[in-house]
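Student: Coordinates for the following, if possible.
(one chain, ligands or ions: 1)
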Amino acid sequence: MSVGPDRICVVIARTRHKMIVAELEEAVKRGAKFLELRIDLLSKAVDFKRLTPAKKCAWMATIRRPMDGGRWPGTEPERQIIIRQAIVSGAFEWVDLETDIADKIPRFGPVKRVISYHNIDETPQDIDAIYEQMLKQDADVYKIAVRAQHPSDCRRIIDLQKRAPKPTVAFCMGDIGAPTRFIALKYWAPWIYAAFNPERQLAPGLPSFDEFRTTYPVRSIGAATRIFGLLGDPVGHSLSPILHNHMYRRMKVDAVYLPFKVPAGEFNAALDAFQSASVGGYSVTIPHKEAAAQAAVERESNVVSIGAANTLLARADGTFLAANTDHDAAIDSLREHLDKKAAAVGVPAPQFDQLFVLVLGAGGAARAIVHALIRNGAHVTITSRTNDKSAKLAVELGCKSIDWETRHSPVHYDIIINCTPVGMHPNMTQTPLQANFLKSGITVFDTIYNPEHTQLIRDAEGRGCSVLTGVDMFVRQAAKQIERFVGLQPPLDQMRELMRKALSPLTRAMAEEAEKTGGMGAEEEGGEEE
Ligand code: NAP
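Tutor: Have a look, this model is predicted:
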């Protein structure tokens with residue numbers, strides 16, 4: 001039986017009663033069933049009578065001290081008086097009490113108690129002993145929220161959560177710790193915390209309730225749920241979580257795909273730490289693709305040749321097999337494009353060994369694509385702004401390179417592929433090539449998928465080229481990962497449709513607009529209450 005009223009505890013934190021009431025009502029409209037009211041943020045004395053008419057679901061009262069990450073401005077005796085008032089007010093089913101004061105505040109009627117420990121700086125070495133002491137206290141749920149400074153902190157908290165003998169929600173705050181908030185649900189945490197209004201920045205790494213509605217199926221995470229994720233830095237704006245999680249749901253697979261933000265240099269430590277949660281596989285992105293190839297004990301042949309992996313698959317002994325799905329995705333995407341282009345004019349499709357290709361960039365994507373092209377017989381020339389890098393890559397893979405400054409010289413290429421981030425969101429007016437270099441009839445492939453229609457793609461269309469955007473490659477590399485992770489082939493057309501929805505200019509434009517104004521429906525705060 002579930003311990004809490006819901007698997008999501010939505011945190012409402014505003015400075016004015018009027019705004020709290022507005023958010024309480026809106027949160028319930030959007031599906032919230034359990035709300036934590038952060039009374040410490042109120043700029044005036046709390047008036048429970050103003051709040052209770054908005055009560056439509058279970059509430060928890062929390063008055064957090066600054067030392068625990070809260071904003072309570074008054075004295076400690078005053079805070080404890082308000083906590084007692086909240087408990088007897090009849091408005092709250094739950095109350096949060098810090099472990100050091102919990103014994104001073106007796107259980108009252110049916111009000112359930114969360115006994116909590118917060119550390120906003122670190123995960124203390126004696127966290128297990130702190131938890132042991134807490135377990136002797138009278139609580140319905142124990143909460144541990146500590147800052148992870150290193151991936152190994154996450155391991156200690158996941159392990160604590162796994163062996164919790166009583167209902168416990170234990171997680172790490174901060175970017176590195178963010179996945180532990182979700183992983184706790186797999187190991188019987190009664191709920192996960194989420195901010196109703198993400199702009200409030202209440203706690204580092206606290207996810208937003210909206211993300212649960214659009215991206216993460218948290219209500220269904222349980223003991224049997226398989227965990228996958230994206231390992232990289234940055235990972236915040238990736239569309240991989242949307243794509244993977246929606247496909248798992250559509251295919252009725254009990255799995256969740258999480259972002260793991262791991263800085264350069266922490267890769268091996270993160271892999272080790274999160275294996276405590278038996279992560280089944282990772283997508284790997286910048287800056288870890290080479291580290292992933294090195295960390296794996298088994299490498300597929302293209303990973304060995306390319307020297308980079310974008311996929312890690314956990315083996316039964318906890319070690320990893322490295323694969324590269326960018327490689328096949330790029331070539332499949334190009335092959336289909338060339339076949340369709342030829343069919344449209346009723347000519348035989350060209351083979352790769354008939355084609356001259358210019359590749360811009362010499363990073364991870366270029367490596368995978370150039371390798372795939374050469375394997376298929378294409379005549380490849382590489383150029384990158386750091387000429388040494390493209391020259392070195394050309395020698396390594398066995399193709400030509402030219403200096404970046406000479407990329408516009410009049411040489412004929414059948415295909416031009418952009419593997420640089422030039423033109424990517426938010427620098428959407430930039431392009432790596434002058435438009436007049438693009439000759440009618442050639443194929444221009446931009447691997448960038450956000451935005452789908454880059455300046456390069458728009459210039460190419462304007463010049464009569466056939467164009468291939470990065471969306472198809474992105475979808476294919478993700479589909480190959482999903483197949484490797486869960487053994488099912490997801491439908492590519494559904495994935496393309498999902499990607500286009502997620503990338504739609506209107507969605508992005510509105511999100512950007514909302515960011516600028518501090519969130520939809522935000523109002524200026526800090527003024528006097530009416
Ligand atoms: P990467 O390893 O960082 O390589 C980036 C390459 O672009 C490097 O050669 C870099 O040159 C060059 N570059 C960076 N900024 C530049 C600039 N302002 N002007 C000229 N060249 C510049 O990155 P990656 O993993 O290869 O990714 C590159 C692009 O591929 C990304 O934009 C990504 O969107 C796209 N991609 C798409 C897919 C897909 O599925 N559609 C998959 C993977 C990647 P330096 O070495 O001199 O910095």
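Student: max-length helix in the protein?
Tutor: Among all segments of the chain classified by DSSP state H, the helix with the greatest residue count is helix 325-344.
Student: how about it: buried residues?
Tutor: Buried positions in helix 325-344, judged by neighbour count with 16 or more other C-beta atoms under 10 Å: 325-334, 337-338, 341. From N, CA and C alone the C-beta is placed, and that goes for glycine too.
Student: and what of stretch 385-401?
Tutor: By 16+ other C-beta under 10 Å, the buried positions in stretch 385-401 come out as R385, N387, K389, S390, A391, L393, A394, L397, C399, S401.
Student: before we move on, what about stretch 173-193?
Tutor: Buried-residue list, stretch 173-193, by 16+ other C-beta under 10 Å: 173-187, 189-193.
Student: Kindly tell me how buried the nearest residue to R64 once chain neighbours are set aside is, as a neighbour count.
Tutor: Taking C-beta to C-beta, 6 or more residues apart in numbering, and ignoring the residues beside it in sequence, R64 has G70 as its nearest neighbour in space, at 2.3 Å. G70: 22 surrounding residues under other C-beta atoms under 10 Å.
Student: The one 5 residues further on too?
Tutor: The local packing of T75 (other C-beta under 10 Å) involves 9 other residues.
Student: Strands of the stretch 101-250 of the chain, start to end?
Tutor: Secondary structure of the stretch 101-250 of the chain, counting by DSSP state E, counting those that start in this stretch: strands at 112-119, 141-147, 168-173, 192-195, 226-232.
Student: Pull out the CA atoms of the shortest one and give them to me as CSV.
Tutor: Spelled out, that is strand 192-195. Written as CSV, here are the backbone C-alpha positions of strand 192-195 (Å, rounded to 0.1, in the frame of the first residue of the first chain):
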residue,chain,number,x,y,z
ILE,A,192,9.4,12.5,-5.6
TYR,A,193,9.4,16.3,-5.0
ALA,A,194,8.7,18.6,-7.9
ALA,A,195,8.5,22.4,-8.1
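Student: so what does that strand touch, helix or strand wise?
Tutor: In this structure, strand 192-195 makes packing contacts with strand 8-12, strand 168-173, helix 178-186, helix 209-214, judged by 3 or more C-beta pairs under 8 Å, 6 or more residues apart in numbering; DSSP states H and E.
Student: Next secondary structure after the first one?
Tutor: The reference is to strand 8-12. On the C-terminal side of strand 8-12, the nearest following helix or strand under DSSP states H and E is helix 17-29.
Student: What are the buried residues along that next one?
Tutor: Neighbour-count burial for helix 17-29, with 16+ other C-beta under 10 Å as criterion, is recorded at H17, M19, I20, V21, A22, E23, L24, A27, V28.
Student: nearest to K289, of the buried residues of helix 325-344?
Tutor: D326 (8.7 Å; C-beta to C-beta).
Student: wait, doesn't the closest one sit right on A366?
Tutor: No - using C-beta atoms under 8 Å, D326 is not in contact with A366, being 10.1 Å away.
Student: Please enumerate the shared neighbours of those two.
Tutor: Taking C-beta atoms under 8 Å, 6 or more residues apart in numbering as the criterion, D326 and A366 do not both touch any residue.
Student: hmm, back to that, in TSV, list the helices and strands packed on strand 192-195 along with mean pLDDT.
Tutor: Shown next, in TSV, are these (pLDDT from 0 to 100):
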stretch	mean pLDDT
strand 8-12	97
strand 168-173	98
helix 178-186	98
helix 209-214	90
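Student: With the ligand as the reference, name the closest of the ones you listed.
Tutor: Closest of those to the ligand is helix 209-214, at 21.2 Å (criterion: C-beta to the nearest ligand atom).
Student: Report the buried residues of the closest one.
Tutor: Using 16+ other C-beta under 10 Å as the test for burial, helix 209-214 gives F209, D210, F212.
Student: Now the residues you listed in CSV, please, with extra columns for distance to I115.
Tutor: Converted to CSV, those look like this (distance: C-beta to C-beta, whole Å):
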residue, distance to I115
F209, 24
D210, 29
F212, 25
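Student: out of everything not next to it in sequence, what's closest to the residue of the chain found nearest the ligand?
Tutor: Closest to the ligand within the chain is G363: 1.8 Å, counting by C-beta to the nearest ligand atom. With sequence-adjacent residues excluded and distances taken as C-beta to C-beta, 6+ apart, G363 is closest to C419, at 6.6 Å.
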